[in-house]
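Trainee: just the structure for this:
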Amino acid sequence: MLMKHWIALFALILLSTAVMAFEGGSPQAGQQKAAVCAGCHGNDGNSFSGQFPSLAGQHASYLYEQLRYFKSGQRKNPIMQPQAANLSDQDMRDLAAYFSAQTLQIGAADKALVEQGERLFRGGFSVKGIPACTGCHGPAGLGNPPAKYPRISGQKAAYLTQQLKNYRAGKRSGYPQGKIMQGVAAKLTDEEIEALASFLSGLHLGNRSAH
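Mentor: Purely as a prediction, here's the structure:
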């Protein structure tokens, strides 16, 4: 019970820090501009398919930075690069503010994969040189807004699986955090990636395990 309280407190501190660290975006203006995003990411940032990430509840600082990377070409994606090309800096700030203010719909993990996924998330795998995910993404998977480490708890398992494989293949490496993740994912097997992604998809705020 005490562990749950500490995790919840840590999460609240992170979220309040994110609000203070990101300024200049209007959720109201972002809602109007987000209409074009709905086809892939859903009206409120909860995507319909694991092919696309859910943006609801993601840190505004992270969303803003990733849009800038798409616009500059540092992050490659045939869908997002054209979408970001015509966005102004204010557009990106508004969109980030809107999606970060939405509520993420948490998924459910495969119970058969929870033990392995949680072990990797919380403890890593020292024999293979794999660090614990909590070091950057926090004990509840809520990320680190000032460092631009994203929230990964509650994200769709299929999307997490694909992104970890993209990191492993070197397809996401054109920016600092991408290079960090490339080094981590290079040591993960397909089985480990599947277990980790499944666990994270069901990781709830304040709960030690996925459900």
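Trainee: for residue 207, give me the pLDDT.
Mentor: Here the pLDDT value assigned to residue 207 is 45.
Trainee: and residue 58, by the same measure?
Mentor: 98.
Trainee: what's around it, how many residues?
Mentor: Counted with other C-beta atoms under 10 Å, the neighbours of residue 58 add up to 25. Placement of C-beta: from N, CA and C, glycine included.
Trainee: one more: residue 100?
Mentor: The number of residues packed near residue 100 is 27, by other C-beta under 10 Å.
Trainee: same thing with residue 188?
Mentor: Using other C-beta under 10 Å, residue 188 has 20 other residues around it.
Trainee: thought it was touching residue 196?
Mentor: Yes. Applying C-beta atoms under 8 Å, one finds residue 188 in contact with residue 196, separated by 7.3 Å.
Trainee: could you list the domains of the chain?
Mentor: Using automatic domain parsing, the domain parsing of the chain gives 2-100, 111-201.
Trainee: weakest of those by average pLDDT?
Mentor: domain 2-100 (a mean of 85).
Trainee: relative to the whole chain's centre, how far out is that one?
Mentor: 10 Å (C-alpha atoms, centre = their mean, to the nearest Å).
Trainee: got it, and stretch 138-146?
Mentor: 9 Å.
Trainee: show me the contacts for residue 113.
Mentor: Each residue near residue 113 by C-beta atoms under 8 Å, 6 or more residues apart in numbering is listed here: 194, 195, 198, 199.
Trainee: farthest-apart pair in those residues, please.
Mentor: For the contacts of residue 113, the maximum inter-member distance is 9.7 Å, found between 194 and 199 (C-beta to C-beta).
Trainee: do a quick rundown of the helices in the chain.
Mentor: All helices of the chain, identified by DSSP state H, fall at 2-21, 27-33, 38-41, 60-72, 80-85, 89-100, 111-123, 134-137, 157-168, 176-185, 190-201.
Trainee: so which of the ones you listed gets nearest residue 150?
Mentor: Between the helices of the chain, helix 60-72 lies closest to residue 150; by C-beta to C-beta that is 4.6 Å.
Trainee: contacts for the closest one, please.
Mentor: Identification of contacts with helix 60-72 by C-beta under 8 Å, 6+ apart yields 18, 21-22, 25, 55, 75, 77, 80-81, 83-85, 87, 92-93, 95-97, 99-100, 143, 145-146, 148-151, 174-175.
Trainee: quick one: work out the angle between it and helix 176-185.
Mentor: Here helix 60-72 runs at an angle of 100 degrees relative to helix 176-185 (axes from the mean of the first three to the mean of the last three C-alpha atoms, to 10 degrees).
Trainee: how about helix 60-72: buried residues?
Mentor: For helix 60-72, a neighbour-count test (16 or more other C-beta atoms under 10 Å) marks 60, 61, 62, 63, 64, 65, 66, 67, 68, 69, 70, 71 as buried.
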